[in-house]
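>>> below is the sequence, then the predicted model.
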Amino acid sequence: MPDDVEPAFSRLRHRRILDFLAARKEATVEELTGLLDVSPATVRRDMAELAGLGLAKRLRGGLVPAGSLAREPSFREREITRSAEKAAVGRAAARFVRDGDVVFLDGGTTTELLVPALAERSGLTVLTCGINVAAALARHPSLKGIILGGEIHGDSQTILGSLAEVLLDSFGIRCDVAFIAAAGVSARGGATNRMIDRIPLKRRAMGMAGRSVLVADGSKLGVDAFARIADIGEFSAVVTDESAPADELAALRATDVEVVVAPSAPEESGPLRTARART
């Protein structure tokens, strides 16, 4: 190959990678290998070159736009963003809980908004790794709340780390329903998260639950964040709201998971809009 050909191909790949980052905000080695039809070694070399030029930043196993590190919005930003949609998701998701259940609530602003609806049930025990969720539970004495111990992650108001996982294991804790939050949800990519260190506890909670329910407002659907929590098929249901893109709802409905679309305002009666795969 002439000396000037490989640099030309390299520049073309770099442009395609940057275009991908502009659209998706994150890219894994696996995604770029498929996109560019080259080896993982070539992708890693391209990633290193882009990072060296200051055009992107490396993360373990992936790449994000320069200056972002796929910045997760602050907790305050997430708390005030799409709050109506998250409240609708919370109301709808709570209908999976029966009196007397043991429930796991993941950390996050969406899971916090399940708490008022859960307070309408009786005899519930609610475990959580969310500091904000624990504070919400404390406002409802009818709920028996348990917060896991471990490392405090201030930016997300969550507890994480091996100590929390060991606590679950050492007591052989089981729960009826685990509500899991995610930064991205898609039929192709599954449930995904921006930060890898929060995933093990989510996985552990799913493993101890009879059913796992994925909760995400519509802006999360069709998004693939940096690292995978679980495939969609590992959840009993996905609960979202009416702002979710129609094409992604259709893709989810083509799987075996139950899809619940929460109405935008509380409804006193009537069924939720649900969909299962057609056979």
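Cool, got the structure.
>>> pretty sure residue 244 contacts residue 218?
Yes - judged on CB atoms under 8 Å, residue 244 makes contact with residue 218 at a distance of 3.6 Å. In this view, the C-beta of every residue, glycine as well, is placed from N, C-alpha and C.
>>> out of those two, which sits in the busier spot?
residue 244 (24 against 21; other CB atoms under 10 Å).
>>> where does the chain have low pLDDT?
The model of the chain has pLDDT under 70 over residues 1-9, 60-61, 67-82, 265-279.
>>> residue 54 belongs to a helix, doesn't it?
No - going by DSSP: H, G, I helix; E, B strand; the rest coil, the assignment for residue 54 is coil, not a helix.
>>> quick check: chain neighbours aside, which residue is closest to it?
Excluding the flanking residues, the one nearest residue 54 by CB to CB, 6 or more residues apart in numbering is residue 66, at 5.8 Å.
>>> looking at it, that neighbour is touching residue 25, isn't it?
No - applying CB under 8 Å, one finds residue 66 not in contact with residue 25, separated by 11.9 Å.
>>> neighbour-wise, which of these two wins?
Taking neighbours as other CB under 10 Å, residue 66 and residue 25 compare with residue 25 leading, 18 against 15.
>>> quick check: phi and psi on the more buried one?
When read as degrees, to the nearest 10, the backbone of residue 25 gives phi 70, psi -20.
>>> right, and it touches residue 63 too?
No - counting by CB under 8 Å, residue 25 does not reach residue 63; the two are 10.2 Å apart.
>>> so what's in contact with these two at the same time?
Residues touching both residue 25 and residue 63 by CB atoms under 8 Å, 6 or more residues apart in numbering: none at all.
>>> residue 14 belongs to a helix?
Yes - if the criterion is three-state DSSP, then residue 14 is within a helix.
>>> that one contacts residue 48, correct?
No - with contact defined as CB under 8 Å, residue 14 does not count as touching residue 48 (11.4 Å).
>>> which of those two has more neighbours?
When residue 14 and residue 48 are compared for neighbours, residue 14 comes out ahead with 17 against 13, by other CB under 10 Å.
>>> OK, contacts around that one?
When contacts are counted by CB under 8 Å, 6+ apart, residue 14 touches 46, 49, 50, 55.
>>> next one: phi and psi at the last one?
Here is the backbone geometry of residue 55 (degrees, to the nearest 10): phi -90, psi -10.
>>> quick check: closest non-adjacent residue to residue 190.
Counting by CB to CB, 6+ apart, residue 231 is the residue found nearest to residue 190 once chain neighbours are left out, at 4.4 Å.
>>> backbone phi and psi for the one you found, please?
Backbone torsions for residue 231, taken as degrees, to the nearest 10, come to phi -70, psi 160.
>>> same check on residue 228?
Per-residue torsions, residue 228: phi -80, psi 130 (degrees, to the nearest 10).
>>> what's the neighbour count on it?
By other CB under 10 Å, 17 other residues sit near residue 228.
>>> gap between it and residue 157?
23 Å (CB to CB, to the nearest Å).
>>> and what of residue 35?
Taken as CB to CB, the span from residue 35 to residue 157 is 35 Å.
>>> the more surrounded of the two?
Neighbour tally, residue 35 and residue 157, criterion other CB under 10 Å: the higher count belongs to residue 157, 22 against 15.
>>> for the more buried one, what are its contacts?
By CB under 8 Å, 6+ apart, residue 157 lies in contact with 75, 107, 130, 131, 132.
>>> go ahead and confirm the second one touches residue 127.
No - in terms of CB under 8 Å, residue 107 does not count as a neighbour of residue 127; the distance is 11.5 Å.
>>> that's a helix at residue 22, yeah?
Yes - counting by three-state DSSP, residue 22 is found in a helix.
>>> residue contacts, it?
residue 65.
>>> ok, residue 233 next?
For residue 233, the contacting residues are 255, 256, 257, by CB under 8 Å, 6+ apart.
>>> give me the neighbour count for residue 256.
Using other CB under 10 Å, residue 256 has 12 other residues around it.
>>> what does residue 122 give?
10.
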